[in-house]
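A.B. asks: Quick one, what's the 3D model for this:
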Amino acid sequence: MAVTIRDVAKAAGVHVSTVSRTFSSPHLVNSATRERVLAAAQRLDYRPNRAASALTTGRTHNLGLIVADIANPFFPPLIKAAQAYAREREYHVFVADTDEDPQAEEELIQTLAKQVDGVVLVAPRLSNLAIERLGMDLPFVVVNRRVKGLSAVLMDIGHGTSEAVEHLAGLGHRRIVLVPGPRASWSSEQMSRAAASAAERLGVELVVTGPNTPTEQGGVAAAAEVLDSGATAAIAYNDLVAIGVIEGLDRRGVDVPGQVSVVGVDDTVTGRLNRPKLTTIAMPTPAAGRTAVDLLLQAVAGGRTAAQATLETSLTVRDSTGPAPS
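C.D. replies: Numbering: from 1, shown residues only. Below is the predicted model:
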């Protein structure tokens, strides 16, 4: 006969409800008891019936994770870290891609709401009002966006952007062009504010282009504006845009970093493999994935508390930046 939850409770010397909590809300069970229950379950080869558990607890033990563009190398490390952290806590993650489309984002949230206990939104393109409305029915955690009443994980792109402006100013660049991303991007807004503040403090002229598509082709298209700006250095929205800018400048016979220095954001594998290797603002994407799931599970278990975690960013200097041309 199949092993039941009562068998595990008897073997572990605890109440049936304690076994149930160990599998549904492990953080509510003290570590010694949890380990005893898990050891008994393993010894008896017990497998909890998730479908039955969902009927009694209302929990699916599934989480949704929605990203703006799964083809962007920024997202996979975050997704893998979130999945691994959730799996350790007996949760599964459904990943969905909006392709930078706010309407698709809303439709995905509405579809997943019927199948998951909560959703992590990474770099959302919906308005804050739309996210607040959707968040009334389901626990949300938002990555790289502040939304009233919702928990958030914020990667402090402003700090890294300030470091990038300081780095370029130290190399003698007096005019810097910022190549931002989509209009609805919180990161893009934070970069613009930080770059403007650092440029004013350092006596550097800042030119802002865009908005731009956050892809390599978007960077290629922005290369003409970079040249027209007369700047000798560019800070791009992400590594893909930066690589596109470098490609676009190369097509026009402009050397990087000899004539124009270029800085990216994210510190992706793509940027490290590019030639020249990309100077970039490193983003703590794995930590963001783990933290987002942790905050979401807290919200699922204990109510709608609006917690916020801020993660530091930093500049990684490689080969795509150099002294300003004389």
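A.B. asks: sec struct for Gly64, please.
C.D. replies: Put simply, Gly64 is strand when judged by DSSP: H, G, I helix; E, B strand; the rest coil.
A.B. asks: my guess is it contacts Thr111, does it?
C.D. replies: No - if you go by CB atoms under 8 Å, Gly64 and Thr111 don't touch, sitting 9.0 Å apart. Where C-beta positions appear, they are placed from N, C-alpha and C, glycine not excepted.
A.B. asks: These two: which has the busier surroundings?
C.D. replies: The residue with more neighbours, out of Gly64 and Thr111, is Gly64; 23 against 13, by other CB atoms under 10 Å.
A.B. asks: residue contacts, the more buried one?
C.D. replies: 93-94, 96, 108-109, 112, 115-116, 118-120 (CB atoms under 8 Å, 6 or more residues apart in numbering).
A.B. asks: doesn't Phe94 fall inside a strand?
C.D. replies: Yes - the assignment for Phe94 by three-state DSSP puts it in a strand.
A.B. asks: can you pull the pLDDT of the nearest residue to it once chain neighbours are set aside?
C.D. replies: In space, and not counting its chain neighbours, Phe94 is closest to Gly64: 5.1 Å by CB to CB, 6 or more residues apart in numbering. Per-residue pLDDT puts Gly64 at 96.
A.B. asks: hmm, back to that, the contacts of Gly64 into CSV, with extra columns for distance to Gly271 and secondary structure?
C.D. replies: Converted to CSV, the contacts of Gly64 look like this (distance: CB to CB, whole Å; DSSP: H, G, I helix; E, B strand; the rest coil):
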residue, distance to Gly271, secondary structure
Val93, 26, strand
Phe94, 29, strand
Ala96, 26, strand
Leu108, 28, helix
Ile109, 31, helix
Leu112, 31, helix
Gln115, 35, coil
Val116, 33, coil
Gly118, 32, strand
Val119, 29, strand
Val120, 24, strand
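A.B. asks: who wins for neighbours among these?
C.D. replies: Highest count within those by other CB under 10 Å belongs to Val120, 30 neighbours.
A.B. asks: Just list whatever residues bridge to that residue.
C.D. replies: With DSSP bridges applied, Val120 shows beta-bridge pairing to Leu65, Val141.
A.B. asks: so where do the strands sit in the protein?
C.D. replies: Ranges of strands within the chain are 62-67, 92-97, 118-122, 140-143, 151-155, 175-179, 205-208, 233-236, 261-266, 279-282, 308-311, 314-316, based on DSSP state E.
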